[in-house]
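[1] Take this sequence and fold it.
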Amino acid sequence: MAAGRRRRAVLAPLRQLAIIVRDTTFVISGVPVQLTALAALALPWLVPHRAKQDAIAVLVGVALVLLVRVPLTAIQRHRFWSLLGIEILKPVAAQGSLRHRLVAAVRSEVVWRQLGYHLVVGPLIALGGMLTLALWTAGAGLVNLNGWAYLFPPLGRFGLEPFHAKALTLHIVAQILLLLMAPALAAALTWLDSHAGRALLGPSRAVELERKVESLAESRAGVVDAADAERRRIERDLHDGAQQRLVSLAMNLGLARATLTDLPEPASQVIAEAHEEAKEALAELRNLVRGLHPAVLEDRGLDAALSGIAARAPLPVRVQVAVSGRASPTVEAVAYFVISECLTNIARHSAATNAEIDVRRAGDALVIRVTDNGIGGADPVRGSGLASLARRARSVDGSLQINSPAGGPTVITVELPCAS
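    The predicted model follows:
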């Protein structure tokens, strides 16, 4: 522990020195870049011209500024990233013809913010950078002057007088002040430049939030697709592995039960019980596999899969599927499980005598409508079943609406995006 404290005590000044060097390098390196746009704007005025050509000089200056805006912004982004580790995103460039891009640039908020940085904020920070360089130069000059005067006393006759108390005190105080002011000014300019660069050189806050939302939506879609693919893999493994072994076991026990009739009664009873247990385990495994991801959904599509769950429902269910082409596997899986859960809720809670499933394609959406003639009063607030259906629909940016007045009927409408 003591060694760690000593190491930290040694490294702390080195880290502070590294920060001072970084800030000073960042501020001074920005001076030529931050003055370029202002120089381009003033360049036409440095060429001799008549008063009536002032308008032309203005237009040429503006054109030069617009011409250097893009490379200057790219250089500044690289400067922020390489020296401070700050990433400033590149705004989306306008597409189309040259005229369209020029009109878009004039109207773009991004362009005006970048011009504000290059013509106003940048030159002001550049002045601070030059002042920082002057402070470092003056402070280092005084240190160097005192050092030379101390090492070479004859230089005192040139007015240095290093051993004169007042002169020595003034030199020391001045160099300390200069060497303290320089890093403080560099740190302040670095903070100001970093905040101004984030605010003015990159995309606006609204565009940045929009990008984050798009990125989160893509990430969520990837997670949903990965989860669905994993369910399909588990379903295939269970179907091709454990389920086949249980089928073979049940067949062997059934064969033993049918052929070994001369066994004692206790042995025959054990074989019969084992046979029944194997059949029940096989039925449970089949239900589990079907709940993970029904093979018929992947092989034959949504129409066949919905016909299967309608046939297994404890009440009459009419199915209508009018979908041209197939949606993505993830959307089909969500549609299947939403309808399956709806039928389960109808059988448990609605006291309905029949139900109807209607699936249609409406533009870029898959519209699902599940209707029953039960007692109604379905409320997602009072139970987790309907709330879980809404969450499952929202996992693919879908929506769920419930219309269930007291006395029925209940209509659940689900819209799932399925743009190809």
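
[2] quick one, helices of this structure?
    Remark: helices assigned in the chain by DSSP state H are 2-46, 54-79, 98-107, 109-116, 122-151, 165-200, 205-240, 242-259, 265-292, 295-300, 302-312, 329-345, 384-394.

[3] Would you format these as CSV with mean neighbour count included?
    Just so you know, the C-beta spots here come from the backbone N, C-alpha and C atoms, and that holds for glycine as well. Below are those laid out as CSV (neighbours: other Cβ atoms under 10 Å):
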stretch, mean neighbour count
helix 2-46, 15
helix 54-79, 15
helix 98-107, 12
helix 109-116, 17
helix 122-151, 17
helix 165-200, 16
helix 205-240, 13
helix 242-259, 14
helix 265-292, 14
helix 295-300, 16
helix 302-312, 18
helix 329-345, 21
helix 384-394, 16
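
[4] Quick one, which of these gets closest to residue 370.
    helix 329-345 (4.4 Å; Cβ to Cβ).

[5] give me the low-pLDDT residue ranges for the stretch 1-150 of the chain?
    For the stretch 1-150 of the chain, applying pLDDT under 70 flags the ranges 1-6, 8-10, 47-55, 57, 92-107, 144-150.

[6] and what of the stretch 151-300 of the chain?
    Those would be 151-169, 171, 204-241, 243, 287-295, if you go by pLDDT under 70 across the stretch 151-300 of the chain.

[7] same thing but at 50, please
    156-160, 162-163 (pLDDT under 50).

[8] which residue sits closest to residue 322 in space, ignoring its chain neighbours?
    residue 360 (4.9 Å; Cβ to Cβ, 6 or more residues apart in numbering).

[9] Pull out the buried residues from stretch 80-94.
    80, 83, 86, 88, 91 (16 or more other Cβ atoms under 10 Å).

[10] any idea which of these is the one closest to residue 339?
    Checking those one by one against residue 339 (Cβ to Cβ), the nearest turns out to be residue 91, at 44.3 Å.

[11] and that closest one, how far is that from residue 307?
    52 Å (Cβ to Cβ, to the nearest Å).

[12] One more: residue 108?
    Residue 108 sits 54 Å away from residue 307, taking Cβ to Cβ as the criterion.

[13] what's the average pLDDT for stretch 390-400?
    Averaging pLDDT along stretch 390-400 yields 81.

[14] chain center to that stretch, what's the gap?
    Relative to its parent chain, stretch 390-400 has a centroid offset of 20 Å by Cα atoms, centre = their mean, to the nearest Å.

[15] And stretch 349-356, by the same measure?
    43 Å.

[16] List the buried residues of it.
    Quick answer for stretch 349-356 (16+ other Cβ under 10 Å): 349, 350, 352, 355, 356.

[17] wouldn't the first one be in contact with residue 376 here?
    It stands for residue 349. No: at 10.4 Å, residue 349 does not count as touching residue 376 under the criterion of Cβ atoms under 8 Å.

[18] on that earlier part again, ok, so of the buried residues of stretch 80-94, who is nearest residue 14?
    Nearest member of the buried residues of stretch 80-94 to residue 14, counting by Cβ to Cβ, is residue 83, at 18.3 Å.

[19] residues in contact with that closest one?
    Going by Cβ atoms under 8 Å, 6 or more residues apart in numbering, residue 83 touches 22, 25, 26, 29.

[20] what's the distance between it and residue 28?
    In terms of Cβ to Cβ, residue 83 sits 11 Å off from residue 28.

[21] Please apply the same query to residue 333.
    59 Å.

[22] Same question for residue 108.
    Counting by Cβ to Cβ - residue 108 and residue 28 are separated by 31 Å.

[23] And for residue 391?
    55 Å.

[24] next one: residue 359
    Counting by Cβ to Cβ, the gap from residue 359 to residue 28 is 67 Å.

[25] again, but for residue 318
    Where residue 28 is concerned, residue 318 sits at a distance of 78 Å (Cβ to Cβ).

[26] again, but for residue 193
    From residue 193 to residue 28 the distance is 12 Å (Cβ to Cβ).

[27] Repeat that for residue 259.
    Distance, residue 259 to residue 28, using Cβ to Cβ: 95 Å.

[28] again with residue 78
    Residue 78 sits at a distance of 16 Å from residue 28 (criterion: Cβ to Cβ).

[29] And for residue 361?
    Distance, residue 361 to residue 28, by Cβ to Cβ: 63 Å.

[30] again with residue 91
    Noted for residue 91: a distance of 27 Å to residue 28, by Cβ to Cβ.

[31] How about residue 401: what's its closest non-neighbour residue?
    residue 413 (4.7 Å).

[32] In contact with the one you found, which residues are there?
    With Cβ under 8 Å, 6+ apart, residue 413 has these contacts: 367, 368, 369, 400, 401, 403.

[33] Domain-wise, how is the chain divided?
    2-200, 214-293, 300-417 (automatic domain parsing).

[34] follow-up on the earlier one: output the helices of the chain as a markdown table; include the columns distance to residue 417.
    Formatted as a markdown table, these follow (distance: least, Cβ to Cβ, whole Å):
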| stretch | distance to residue 417 |
| --- | --- |
| helix 2-46 | 45 |
| helix 54-79 | 35 |
| helix 98-107 | 30 |
| helix 109-116 | 30 |
| helix 122-151 | 45 |
| helix 165-200 | 34 |
| helix 205-240 | 10 |
| helix 242-259 | 34 |
| helix 265-292 | 24 |
| helix 295-300 | 18 |
| helix 302-312 | 15 |
| helix 329-345 | 7 |
| helix 384-394 | 10 |
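
[35] what's the closest of those helices to residue 323?
    helix 302-312 (6.7 Å).

[36] From the chain's centroid, how far away is the closest one?
    38 Å.

[37] Could you check the angle that helix makes with helix 329-345?
    Using axes from the mean of the first three to the mean of the last three Cα atoms, to 10 degrees, the direction of helix 302-312 lies 20 degrees away from that of helix 329-345.

[38] So which elements touch helix 302-312?
    helix 295-300, strand 317-322, helix 329-345, strand 355-362 (3 or more Cβ pairs under 8 Å, 6 or more residues apart in numbering; DSSP states H and E).
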